[in-house]
Every structure is written in C-alpha cells, then in structure tokens.
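>>> give me the fold of what follows.
(2 chains)
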Amino acid sequence: MNYIDNHIVTIIVFLPLAGAILLAFLPRRERDIRYFALAVSLVTLLASLHLPWYYVRGQEGFQFEQNVPWIAHPAIQYHLGVDGISMWLVILTTFLMPLCVLISWKSIADRVKEFFILMLVLETAMLGVFVALDLFLFYFFWEATLIPMALIIGMYGHGRKIYAAIKFFLYTMIASMFMLASVIWLYAHIGSFDFVTIQHAIQTGQVDNFATAAQWLFLGFFVAFAVKVPLFPVHTWLPDAHVEAPAAGSVLLASVLLKMGTYGLLRFNVGLFPDQARRNAPWIIALAIIGIIYGALVAMIQPNIKRLIAYTSVSHLGFVVLGIFSFTQLGVDGAVYQMLSHGVSTGGLFMLLGMIYDRRHTYDFSEYAGLATPMPVYATFFTFIMLSSVGLPLLNGFIGEFLVLSGAFQAKQLYGVLAATGVIWSACYLLWMYQRVFYGKVTNPKNSTLSDIDARERVSLWPLAIAALVMGVAPNLWLHSIDPSVSAALRQFSAGTQATPTATYDVRAPGSQSHPGVARLMVDTGAASTSEDSVRHNAEVMGR
Amino acid sequence: MIPAVDYIRILPELVVSLFGVIIMLVDPILPDNSPKRPLGVLAVIGVLLGLAATYYQTGYYGSAFSDMVSVDTFSVFFHFVVLLTALVVILTSFEYLAIQKLRAGEYYGLILFGTVGMMLMSSAVELVLIFIALEISSISTYILAGFRRRAAESAESSLKYFLLGSFATAFFLYGVALIFGATGTTNVYGIAQALHSQKSLLAYLAMALMFVGLGFKVASAPFHVWTPDVYEGSPAPIVALMSTGPKAAAFAVLLRVLFATGAPGWFWLVWVSAVLSMTIGNIGALVQQNVKRLLAYSSIAHAGYLLVAFAAARQIGISAAIFYAASYAAMNVGAFAIVSHFGSSGEKYVTLDDYAGLGRRSPVLAAILTIFLLSLIGIPITGGFFAKFYVFSAALQANLVGLTIIGVMNSAIAAYYYLRVIVYMYMRDARVEAPVARIPAGLGVALAISLIATIYLGVLPGRILDYAMTGAQDLLK
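You can find the predicted model right below:
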C-alpha cells in the first residue's frame, strides 16, 4: 500500500470542502464561480475513479482504509474505507455532482456563490457518510448533510420552500437522535465506535445486556434510516422537499441522500444486528411493499409532474428495502444495484424536469401537452431516461428490479408477487405521464415557442444516458465488486444467526474467486426456498 | 510573612485589578467628549496580560493565603474561559460605545473588576472568599446592565437584576452561615472532612440554600425569571458577558460547592432544576420575536443541559460540565457580539423581522451567526455538538436514562427556534431594510476568536477535554 492508496478516500472526501473554502474567498464574479465549482467537482470525480481502478475484486472487507485516532476520550477513530457497496455509492455521488453544477448553470442566478459553496459542502458530507467506518464519524457526516441540503431547499427552492426545508430538517434531525442514542449505548458497553470492532464484539457475544437492548438498538438505527429512505409511514417530508427544491437539490436528494438511508440499513441494521433484522423483517418488508404499491398509486394521481416523480422514489426505494430484507444474495445484490440505477434514472428525470421548469416555471400537468413537437431532442432524452426508470430490459432499472424480485421470490413467493405489481404500476404512471406531457397537440400557446435543450443541457444528459445503457447491458462491471461484499455481509448475517460458523465459512479464501455476479446468480435462482437455506447455499456455491 | 509564591497564585487577579484602577485614573485625564478608545485599548492589554499571568500560573499549582485560594487545572481552565470572554466583550464594546454614544471610561474598568470577581470565584476554596468574589462580579454587572442610561428598559433591567440578585446572594450567604454552623469551618476541604464523618440536617438545608443562590446566578429554572427582561434591556455586549462569564464562574463555584465538599442531598435538586431549565428555556424560546429574549431563553435551556452533566457527577460528569461551559461561552459570546453589532444605534434592530434578508445584505455576518446558531443546536463540526455529546453520554454512563431522554427531546425542540433565525436570515425577504454597517476591526477580531474557538472545540476537542478531565480530577481530590 502506498501513500495514495492510504489517503485517497480522505482526498476524495475533502476535495469538495477545500474547494468550497477557496470559493468563499473568490470575488463574486458568477461566471468564474460556476467554472470553479465545475472544476472542483470534476477533479473530485477523477480522484474518485482511483477507487474502482485499483479496487481488488473478490477481496473481502474494506479497502483503501485509513485509520488514525481522532479523539482520545471517547475513543473516536478517523476510520475511512470502502467496500464494493460503498465504493459505487461514492462514484455515484461524484459522478452526479458535475452534472448538478451544469444544470444549475443558469437556473441559479441569485446568490450563486452561496449556492455552489453549499453544494460542495454537501458533497463532502455525503461522501463522508458512505466511507465512514467509525459510528461516530458516520453520525458526524450524517448530520452534516442536513444543513446544506435544508439551506439549498429553503434558499433556492420555490413555492412553500421554507415549510419544506424545515420539515426536511426536523424529520431527519429528530429521527437521527434515536440513532445517536443507539450509538452511545454501543460505545458505553463496548468502548469503541469502530464499526469492525463493534461488529466483532456483537458476533462473539462479548456485549453485556445485549440481548435485552438489541431490539431497541435496532429500532434506533432503523428509525433514522427509515425516515431517510423513506419508508411508508414516514415518507411525508419527501414530496414536499422534492417539489420545492431547485433541480440540483432534487437530484442530489433523490439520487444520493435517500441512498444514505438504504446504505445505513444494509451496513448497520443488517450488519450489526442480524438476529433482530431477521426477526423484524416481516413487518419491514410489509412496509416496503406498502411503499411500493402506495407510492405508485399516489404517484399516478398527482397533478404535478415533479410530485409524481417524487412518489416514484417512494416506490422504487421500497424495492431496495425489500431486497435488503430478503436476506438473499440475489435480493441484496439487486438492492445495491437498484440504489445505483435509481440514482441514475431518477436523477436524470429530475434534471429533465429542471430544464422544463427553467423554461416555463411550472410543474403542472395542465400546463403541458405535446411537448415533443417544439422540443424533440428533449423528448428523446426523456423517453430514454423514463424507460430506464420503468425497468425496460437492456437499461439499468431492469437489472436491479429483476434481481430484487428474484430474491423476494426466494424469500417468500407472496413478497415477489406483490412487489412485481410495482413494476407494472411504474410502467402505468410513467407512460401515462409521458403521454400527457409529450404527445398530442400543443394546446398551450406558451409551449409552442419553447426552445429545445441547448449544448450545455445535452452535455449534462449524455453521461446519464450512457450510464443507463452500460448499466443495463454490462451489469457485471458493477456486480463484480458488489457481489463479494454482499456475500460477506450476508455471511456475517448467517454467522450471527447460527451460533457457530458453518464449515463453508472458512473454505473461501480471500481473493480466491471472482464469479461474474449475474451468471452465477442465475444458477441458483429458485434453488433454495427459504432465505436461510439460500444464504448457506450461496456460500457453498462460492466455496466451490 | 506571606511567601511570594502566594502572590503568583493570585497574579491574574492582581494584574487585571491593576489595569482596572489605571483605567479609572486615566479616565478623568481624557477629554470629556472623546470616545475614550484608549481606555478600551488599556483594558485589552490588561486582559492579555491576565492571560499571560494565568499561563505563568500553570507552573505554580497549589494553594495560597492559608488555603483560601487554590490554583489547579480547574481554576486555570476557568480563568482562561473568563478572560477570553472578557476579551471578546471588550473588543465588541469599542464599536458599541461609539455607536450608542456612550462615553464613559468606567465601563471598561467595571468589566475588568467584574472579571476579577469571576476569576476569583473559580479559584477560591473558602466560602467567604467565594461570597466576596461573587459580590465583586455581581455588583459590576448590576451597574453595567444599566449603562444605556437614556433607555428606560436598561434602567429597569439593572434594577431588576440588582434586587433579585442581592436577594439571591443573601440566600447563598445564609447557606454559608448554616454550613459553618454544621461543620465549624468555611473552607471547602475542611467542610468535606467534616461532612465525611457526619451529615446533619443543617448541612442539607445549607446546601439547598446555596443551590438557590447559585441557581439564580446561572439562570437555571425555577430561579430564571429575571433573565429575559434583564437580557432584553441591558447593552448587548454586556449581555454577552453576563450570559457567559459570570455564568461559567458560578458553575465553577457550584461544582466546588457540590462536589469538592462532598455535599449531601444535591441530586434531586439538580435533577429537577435541570429538567425545569431545559423545558422552560426551550419552550419559552419558541415564541420569542426578539432575538435577545430568544437567546436569553436559550441560555436558560443551556444551563439545564449543564446541570444534566452535574447530575451525572463523578469525573466524567464534571469534565463534561467544564467542557460544556467552555464551548457555551465561545458560541454564545460570539452570537451576542453579532446581535450587538447588528442592533445599531439605540439597539433598534433586535427582532426576528429585522434579521430577514440578512443573508443577502451581509453574507459574512449571517454565515458566522449561522455557525454559532448551529453550534447552539449541537450540529457536528461545532463545539456545541461535542458539548452535548459529552453531557449526554456522561448521563447515560451514570444510568440517568430518563434525564437523557428529556434532554435529547429538548434539544430537538431547540433546533426549531435556532433554525427559525437562520430561516429568517436566508429565506425571507426583508420588509424593512435594516442597515448593516461594515464589520469594524475590533469586532472582527472578537468574532474570529469566538469562531475559531467554536470550530476548534468541534473538530479537535481532545486536548480541551483532557484538560477538563484533569480539572475534574483536581476538583475531586
């Protein structure tokens, strides 16, 4: 390991913050500020590409780790690192950031400097959430995302922006206090905030009173993450925040901030409390499925395009939660994949909506019809991204949903059947929306003179379209590194539920295999009926 | 014969008093209607020398003047806190006095004398001396509260503060008398020895009385009623001082009285007072339109959080309390410095409506105030976050689950009203454009000090916390 490998994660996380600090001292020339922000986000993207480039596939555990003491009492480590799951979320964040800068180029005309400072600070906080391996550090970054996001909504949003910003802030802040309580409890009984140490201590049963507290700890984490995801009964902040946020804010909110919730569920709820995760899975899955169907149905009747897309997030993120709590290799692989692909597709949709909002300053369906006539290029991009969101084969959404549904069927047929309806619903509401907005005659004279998207807007859409296609045809590029991390996470899980590790546990030497994810996964579809069996089965398949 | 080292152990007090006296002597020499800026500079020099003297003291730990004063990590820590607060307040006052057209040299002198009292409060280990120190600091602040003498509310606040304050000090004095009756001594460590062997009813009563007296000084409920009115009427820089310096010093005394003496029966007093302070403070702040009143209620709530650390007791609780006092001083003095600058002539602009659109008119000032407010909420990378974190984890380790839950719920409520100020500054447009003057040099330095302290405590709290730990150890020995 050389110097760069040891510090690359720190560099990636703090590059945007350094950029923000420099930006604060730049003179208020808006053009320069925009270019500077774009440059910072591009440099961060480049730096982050170091991760997948040098990532050792098939190796378990965390890579590019950096672990130095930060505060002596309480013992807080500055511990960063990525595995196959978090690495791609980091890339997703750095990939979307330059695009967000581009789409804000003209739509943010007032207080430009503050806007880009907030965006860059937000990027640092989001990246920190994904790479922190110390629970305290994680909480630190988690809370730090709140302020810039709330300010972006409240300062640059429209309509009831203040209401939306405060609602967003209070929901998340109050929920994360429960997480903090759990974290402090763990520290008080284990004496460490380090994720790996805590996980080890719990697995080997070294924690006093763990049996009685575990359910509460699980719920403490769960509440914080469920609000962020958002799961069904606590999702009400999301439509408000989305609709009132500026385009770039919506993109980051949908594509990255929501993923922090599902990432947390996978890393902490499943990773630390496997027994409780299993025990609570039925009602969590029930909530996820309610979210899938309810989100879709509510989306269908929205009079506001952006609100519609916001509700599709509730539905799509339901898939992710379902996949995670199916505890099958397929399901969890799919959940992680769906996180990335939702980031690309829904992020893309919000960007597209931002472009039309720049022109017309409204999201009402009633204002639009026949947009394909004045804006053909725009309509084409919209079709493409929308189809990727619907889950058309060969595009990204399909892979994630397919894997999740396969996992759900393995876990329990009913889950699969109910969730599969979500795919149908999503086709319904998105195609219907498309029909209403783009087809037919231009009824509103204001729309007939709309200019099609310009070069800058095209530049910001092409990367997403390409990503959607590549993710759809070559998912193994991603699953290669996601798969081993997921199976490691699941084996923690099976090791936790069965008091002693099974024989297959040791067979798998690090780095000995690198199965192309999907190909192998296809083999064991339907092979095992219960989740526990399938976990063991997967482990055996890997051992061979 | 008093050994020379004894004088070193009160050196900061001596230096600062000396400068206070010099200021009083120079004042009449200066022409009557000059802004008296030189006096402020003298005061700054005095405080800086006081800081140097405190640093010098770290080589001379021990007690002095027949065990009346004890210099240890604990007292040195509070000396630093008090002196730095005084420094920020003096720097803020330069501009404030000029704008309010207050031309009086005794202003700076009184701040210095008050500071001497506060410093002595943290190093005195003799209840009578503590009482005297308390009076020195209180009397200075009574006068300073009424310094905007052309404004009726300033006079009102001064009188209110004085009447209730002397009432409270009387309580404290009664407590001292009773504890003397119970133990035959007024030395803190002597009391500890006496109480170790037997705890009489008198001692319980004495403890309760002293708690009432000090509860008033730290503005904890139910002895908090004076706070909003006094803060609203007093000059803003003085509020910055009142809400931090004397408060920190009074908490230092409370720590000594409760823990160094091994006093009996304090737990429920502290518990109830903590819960009341947090709840009343936060709920009261929710409905305030005046920023000074809002911060007054917030300071009541913060006294409550600090008392949570008291309830946790032992080394961990005490060190959490010390850390909290320091970070609270840093963020609160900074917030008031901005309120004072923004208030402008006659403190006209102090309502939330005046703050609307501040983010647009004065981005730097608004950004700095935002950081202080976030720190008061307890958001990461600010000192307020670690302060709350240490307090609540100390409470959990002491198994005070109920108190922790109440505290955490309270800090969630608190987020709302601090956020409201931020919302006004950034997300609302001004109805009446309140003018914002440029930031003068003195204020700039003052803000830089408190900002750096706030961020430093939020990013690298380790050293200060270690220091607080040692302080707690020294206190308990």
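>>> what about stretch B:27-34, how long is it end to end?
Chord length of stretch B:27-34, first to last residue, is 11 Å (C-alpha to C-alpha, to the nearest Å).
>>> where does chain B come near chain A, residue by residue?
For chain B, the contact set with chain A under C-beta under 8 Å from any C-beta of the partner chain comprises B:359-360, B:363, B:374, B:379-381, B:385, B:389, B:392-393, B:396-397, B:404, B:408, B:411-412, B:415-416, B:419, B:422-423, B:426-428, B:460-462, B:465-466, B:469. C-betas here are computed from N, CA, C, even on glycine.
>>> so in the chain, which helix runs the longest?
Chain wasn't specified; assuming chain A. helix A:329-360 (DSSP state H).
>>> sorry, should have said chain B
Longest helix of chain B, by residue count under DSSP H: helix B:152-183.
>>> list the buried residues for that helix?
B:154-158, B:160-162, B:164-165, B:168-169, B:171-176, B:178-180, B:182-183 (16 or more other C-beta atoms under 10 Å in any protein chain shown).
>>> any low-confidence regions in chain B?
Scanning chain B for pLDDT under 70 picks out the ranges B:35.
>>> surely residue B:258 meets residue B:264?
No - if you go by C-beta atoms under 8 Å, residue B:258 and residue B:264 don't touch, sitting 10.1 Å apart.
>>> who has more neighbours, these two?
Comparing residue B:258 with residue B:264 by other C-beta atoms under 10 Å in any protein chain shown, the one with more neighbours is residue B:258, at 21 against 14.
>>> what strand or helix carries residue 248?
In the absence of a named chain, this looks at chain A. Residue A:248 is located in helix A:247-252, with elements delineated by DSSP states H and E.
>>> look at chain B instead
Going by DSSP H and E, residue B:248 is in helix B:245-255.
>>> which helices and strands does that helix pack with?
Applying 3 or more C-beta pairs under 8 Å, 6 or more residues apart in numbering or on different chains; DSSP states H and E, we find helix B:245-255 packed against helix B:73-100, helix B:106-123, helix B:127-145, helix B:201-217, helix B:291-312, helix B:314-343.
>>> for whichever residue of the stretch 1-150 of chain B sits closest to chain A, give its distance to residue B:120.
Taking C-beta to the nearest C-beta as the measure, the stretch 1-150 of chain B has residue B:73 as its residue closest to chain A, at 15.3 Å. As judged by C-beta to C-beta, to the nearest Å, residue B:73 and residue B:120 stand 17 Å apart.
>>> compare these two (neighbour count), which wins?
residue B:120 (26 against 20).
>>> got the contact list for the closest residue to that one other than its chain neighbours?
Among residues not flanking residue B:120 along the chain, residue B:133 sits closest, at 3.6 Å (C-beta to C-beta, 6 or more residues apart in numbering or on different chains). By C-beta atoms under 8 Å, 6 or more residues apart in numbering or on different chains, the contact set of residue B:133 is B:117, B:118, B:120, B:121, B:124, B:249.
>>> on that earlier part again, so the residue of the stretch 1-150 of chain B closest to chain A touches residue B:474, yeah?
Yes - applying C-beta under 8 Å, one finds residue B:73 in contact with residue B:474, separated by 4.9 Å.
>>> anything in contact with each of those two?
Counting by C-beta under 8 Å, 6+ apart, nothing touches both residue B:73 and residue B:474.
>>> distance of the nearest residue to residue B:36 once chain neighbours are set aside from residue B:23?
Spatial nearest neighbour of residue B:36, chain neighbours left out: residue B:105 (5.0 Å); criterion: C-beta to C-beta, 6+ apart. Separation of residue B:105 from residue B:23 (C-beta to C-beta) stands at 6 Å.
>>> mind listing what the residue nearest to residue B:36 touches?
Contacts of residue B:105 by C-beta under 8 Å, 6+ apart are B:23, B:24, B:26, B:27, B:30, B:36, B:39.
>>> give me the subset of the residues you listed that lies in helices.
Short answer: those in helices (DSSP H) are B:23, B:24, B:26, B:39.
>>> run through the residues that contact the third one.
This means residue B:26. With contacts defined as C-beta under 8 Å, 6+ apart, residue B:26 is in contact with B:38, B:39, B:42, B:105.
>>> most neighbours, which of those?
residue B:39 (25 neighbours).
>>> so that one is in contact with residue B:28, correct?
No - between residue B:39 and residue B:28 there is no contact, the gap being 11.1 Å when judged by C-beta under 8 Å.
>>> which element, helix or strand, includes residue A:8?
Residue A:8 belongs to helix A:3-25, assigned by DSSP H and E.
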